[in-house]
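>>> no sequence for this one, just the structure:
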C-alpha cells in the first residue's frame, strides 16, 4: 500500500493566508459597525431615529454618549412616522435635545407639505432646528417638475416651516440630490451630509451635521442606528 501524500506546503500557506484574510475582514466589519468619530475632534454626537429603528431608549442613548436626537416626523403631503408620537413622549422624559425631520417630496406642492409638517410637529422653541431631508428627485414625478420649480417650491416650503418653528431649517442633503440640483449653492442653509466613515465634501461647502456611521450597532436597539456628529 502506497504512502499517503502529505498536504503540499504551498497549499498550507494558501490556507493560512485565506484564514488571516477572513479574520481581517471580520475584524474590519466589526470595527465599521461599532465605529464613531473621535470625541476630541467631534465632541457633540447624536442619532437619527424613526419607525425603522423600533422602540428606542433615549435615556440609554444619552448614557452611551448621544448629545442630541433627531426623529423622523413627516413626509410629503400626508406621511407621518409611525413612532413619532411615542418618540416625542419618550424624549420629553430624556435628557436629550431633539428636533424633527421632514422628508421632502418635489412632486408635491410646498403648501401641502408644510401643512403636514406644522400639523404634527409641535411649535416648541426648545426643539432643535427643523431638518428637511432632500433625496427624492423630480424626474420620478408623474407630472414633470422643472429644476427652477424644485428650487422655488423648496424655498416656499422652508419659509412656511421656519415661520412655524421660529428657526432656520437644516438641509439633510443626499449626494444624488445635490448632484442633480446643486441646492447647496442656491439656498443658504446649514447642511447635513451623509457619508459613512469618511467626511463628505460633495456639497462644496462645510457641513453642520454629518451621518458618520449609518449602521452603528449599540445595546440600545436590535437594529443599527444612524450616528450623527456636529461640527465643533
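Everything's here; your move. Not measured: the values here are computed from a predicted model. Numbers count the residues shown, from 1 in each chain.
>>> what about residue 180, how many neighbours?
15 (other C-beta atoms under 10 Å). The C-beta positions use only the backbone N, C-alpha and C, and glycine is treated the same way.
>>> Point out where the protein drops to low pLDDT.
The chain contains residues with pLDDT under 70 at 1-7, 15-34.
>>> Residue 218 versus residue 74, what's the distance?
Distance of residue 74 to residue 218, given as C-beta to C-beta, to the nearest Å: 26 Å.
>>> Where do the strands of this structure begin and end?
Per DSSP state E, the chain carries strands over the ranges 45-49, 68-75, 79-80, 98-103, 131-134, 170-173, 190-194, 209-216, 225-230.
>>> Parallel or antiparallel, which strands does the fourth one pair with?
The sheet places strand 98-103 alongside strand 68-75 (parallel), strand 131-134 (parallel), with pairing taken from DSSP bridges.
>>> out of those, which comes closest to residue 113?
Nearest to residue 113 among the strands paired with strand 98-103 is strand 68-75 (7.9 Å), distances taken as C-beta to C-beta.
>>> Let me have the strands paired with strand 98-103 in a markdown table, adding mean neighbour count as columns.
Below are the strands paired with strand 98-103 laid out as a markdown table (neighbours: other C-beta atoms under 10 Å):
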| stretch | mean neighbour count |
| --- | --- |
| strand 68-75 | 24 |
| strand 131-134 | 23 |
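>>> mind giving me CSV with these and columns for distance to residue 109?
Below are the strands paired with strand 98-103 laid out as CSV (distance: least, C-beta to C-beta, whole Å):
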stretch, distance to residue 109
strand 68-75, 15
strand 131-134, 15
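>>> what about those strands, which gets the closest to residue 205?
Nearest to residue 205 among the strands paired with strand 98-103 is strand 131-134 (15.2 Å), distances taken as C-beta to C-beta.
>>> and the closest one, how far out from the chain's middle?
From the chain centre to the centre of strand 131-134 is a distance of 10 Å (C-alpha atoms, centre = their mean, to the nearest Å).
>>> hmm, who's touching that strand?
70, 99-104, 154, 157-158, 161, 169-174, 177, 183, 192 (C-beta atoms under 8 Å, 6 or more residues apart in numbering).
>>> let's see 7 Å
Strand 131-134 has contacts (C-beta atoms under 7 Å, 6 or more residues apart in numbering) with 70, 99, 101-104, 158, 169-174, 177, 183, 192.
>>> Then stretch 120-128?
With C-beta under 7 Å, 6+ apart, stretch 120-128 has contacts from 68, 73-74, 80, 84, 97-100, 164-166.
>>> nearest to residue 213, of these?
Using C-beta to C-beta, residue 68 comes nearest to residue 213 of the contacts of stretch 120-128, at 15.5 Å.
>>> quick revisit: output the contacts of stretch 120-128 in CSV, with distance to residue 53 appended to each entry.
Below are these laid out as CSV (distance: C-beta to C-beta, whole Å):
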residue, distance to residue 53
68, 16
73, 14
74, 17
80, 16
84, 12
97, 18
98, 14
99, 16
100, 15
164, 26
165, 24
166, 28
